[in-house]
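*Asks:* Just to be clear, the model below is a prediction. Sequence and coordinates:
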Amino acid sequence: MHTLLNMKLTSIALVAITAAVAACSTPSSAPMLPVRGSMDTMKAILYREYGPPDVLRLEDTEKPQLEDDRVLLKVRAAAANPLDWHYMRGTPYVARIGMGLRRPKDPRLGSDASGVVVAVGKNVTDFKPGDEVFGIVGGAYAEYARAYPKNIVVKPANVSFEQAAAVPVAAITALQALRNRGRLQPGQKVLINGASGGVGTFAVQIAKSFGAEVTGVCSTRNVDMVRSIGADHVIDYTRQNFTEGTQRYDVILDTVGNHSLSAFRRVMTPKGIYVGIGGGGPNDGGFLGPLWRPIRMVAYSPFVRQQFGTFISSVTKEDLTVLKELLETRKVTPVIDRAYTLPEVPAAIRYLEEGHARGKVIITVEDIDRT
């Protein structure tokens, strides 16, 4: 058992580290340099050192070069994710093995985007110029970005660019955590801890689309919002500690990590499944930072009947298509807290780091005056 446990610990640490440093689109092989404005340049948010949001700069840089297997987008909107400030701050420090020890290898930031296809590589057959799309790109905080066709889908007509940009990372995480890791079934009771956040707001709606009975945990100011997106029950954590209640849950999706594993276990059914994602903040640095929690989960699981595990999502064309259909049928509606412009990205990341965003924080990308 000890050998198996050690293998699990090593595996989960490596997977978590890989996910923290892997870009959703292959980074450029050479550093992006500031250039004077021209038809071949664009505005983009770049960071050339690790640190707080002040290290983010709006610069003139070269447009991404179109490759045979890529699509070039005119970005209309992007979304901020906790992954962005992990990249920006270079945390946990172990992640710098892949990102760059002293400074970032790739100065671009952002992965969620929606926009209009302006060009396609000669090997691309799924898209054409003029298509409105959303998904995962490389360097979303920019006027233009490249994407692999497998990482984008056509945007539903009934969804705005801002709403579409809110979807990819957060909604895929919620979908795969509930369906793949939590194995959520119709009629089961699921608790979403952090129901008002980016992943949480999608998780509430996706769980309802699965036919589950959903309980959302949030603060007082978010109770009405969480109820409005479909939660059957809402617990205000400022007034009630759900881990001390009598209700038992088949699946718990924890996006906060603010209770001990033993406390969660008290409110789980005998065969309940706990799925932990996220947790930790910009001040949780150190060598491993928030990776300690998933390591503790693996160490804890062999000694209890319930299942405890972390989860790392992976982008697939199939799941982007599932989310597209949920958007089209209005079973899922993105919750947007605030919208910032491209020059305001530092303020957007700073707000996200505070940990109180309701739903998603969006970046709108319009044509920028270069004078």
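*Replies:* Perfect, thanks for sending it.
*Asks:* What is the burial count for S314?
*Replies:* 12 (other CB atoms under 10 Å). In this view, the C-beta of every residue, glycine as well, is placed from N, C-alpha and C.
*Asks:* For it, which non-adjacent residue is closest in space?
*Replies:* Q176 (7.4 Å; CB to CB, 6 or more residues apart in numbering).
*Asks:* what helix or strand is that neighbour on?
*Replies:* helix 168-176 (DSSP states H and E).
*Asks:* now that helix: how far from the chain's centre is it?
*Replies:* Here the centre of helix 168-176 is set off from its chain's centre by 7 Å, with CA atoms, centre = their mean, to the nearest Å.
*Asks:* ok, which stretches of the stretch 201-350 of the chain are strands?
*Replies:* Along the stretch 201-350 of the chain, counting by DSSP state E, counting those that start in this stretch, strands occupy 213-218, 233-236, 249-254, 268-276, 307-310, 336-341.
*Asks:* roughly how far apart are the residue lying closest to V322 once chain neighbours are set aside and F134?
*Replies:* In this structure, V322 finds its nearest non-sequential neighbour in L175, 6.6 Å apart by CB to CB, 6+ apart. Relative to F134, L175 is positioned 15 Å away (CB to CB, to the nearest Å).
*Asks:* right, and R265 touches H259 too?
*Replies:* No - using CB atoms under 8 Å, R265 is not in contact with H259; the gap is 10.0 Å.
*Asks:* In which helix or strand does L58 reside?
*Replies:* Using DSSP H and E, L58 falls in strand 56-62.
*Asks:* Which neighbouring elements make contact with that strand?
*Replies:* strand 41-47, helix 345-353 (3 or more CB pairs under 8 Å, 6 or more residues apart in numbering; DSSP states H and E).
*Asks:* Check whether the nearest residue to A212 once chain neighbours are set aside sits in a helix, strand or coil.
*Replies:* Nearest residue to A212 in three dimensions, chain neighbours excluded: V190, at 4.7 Å (CB to CB, 6+ apart). Classification of V190 using DSSP: H, G, I helix; E, B strand; the rest coil returns strand.
*Asks:* what do you get for V124?
*Replies:* coil.
*Asks:* what sits against the closest residue in space to it that isn't next to it in sequence?
*Replies:* Spatial nearest neighbour of V124, excluding adjacent residues (CB to CB, 6+ apart): P149 at 5.4 Å. By CB atoms under 8 Å, 6 or more residues apart in numbering, P149 lies in contact with 69-71, 124, 126-127.
*Asks:* Just the buried residues out of the residues you listed, in ChimeraX syntax.
*Replies:* Buried members of the contacts of P149, defined by 16 or more other CB atoms under 10 Å, are picked up in ChimeraX with:
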select :70,71,124,127
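*Asks:* Distance to S209 added to the contacts of P149, as TSV?
*Replies:* Shown next, in TSV, are the contacts of P149 (distance: CB to CB, whole Å):
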residue	distance to S209
D69	33
R70	32
V71	29
V124	31
D126	26
F127	27
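*Asks:* Apart from its chain neighbours, what residue comes closest to V153?
*Replies:* L320 (4.6 Å).
*Asks:* Return the per-residue confidence for that neighbour.
*Replies:* Looking at L320, its pLDDT is 98.
*Asks:* so what are the domain limits for the chain?
*Replies:* Per automatic domain parsing, the structural domains of the chain span 27-167+334-364, 169-277.
*Asks:* between the strands of the stretch 201-350 of the chain, which gets nearest to W85?
*Replies:* Ranking the strands of the stretch 201-350 of the chain by proximity to W85 (CB to CB) places strand 336-341 first, at 14.4 Å.
*Asks:* any idea of the mean pLDDT for the closest one?
*Replies:* Strand 336-341 comes out at a mean pLDDT of 97.
*Asks:* ok, it: who's next to it in the sheet?
*Replies:* strand 360-364 (parallel) (DSSP bridges).
*Asks:* So what touches the partner strand?
*Replies:* Counting by CB under 8 Å, 6+ apart, residues outside strand 360-364 touching it are 76-80, 110, 140-141, 162, 165-166, 170, 198, 201, 334-342, 344-345, 348, 351-352.
*Asks:* orientation of that strand relative to helix 345-353 in degrees?
*Replies:* 170 degrees (axes from the mean of the first three to the mean of the last three CA atoms, to 10 degrees).
*Asks:* can you pull the buried residues of stretch 338-352?
*Replies:* 338, 340, 342, 344-346, 348-352.
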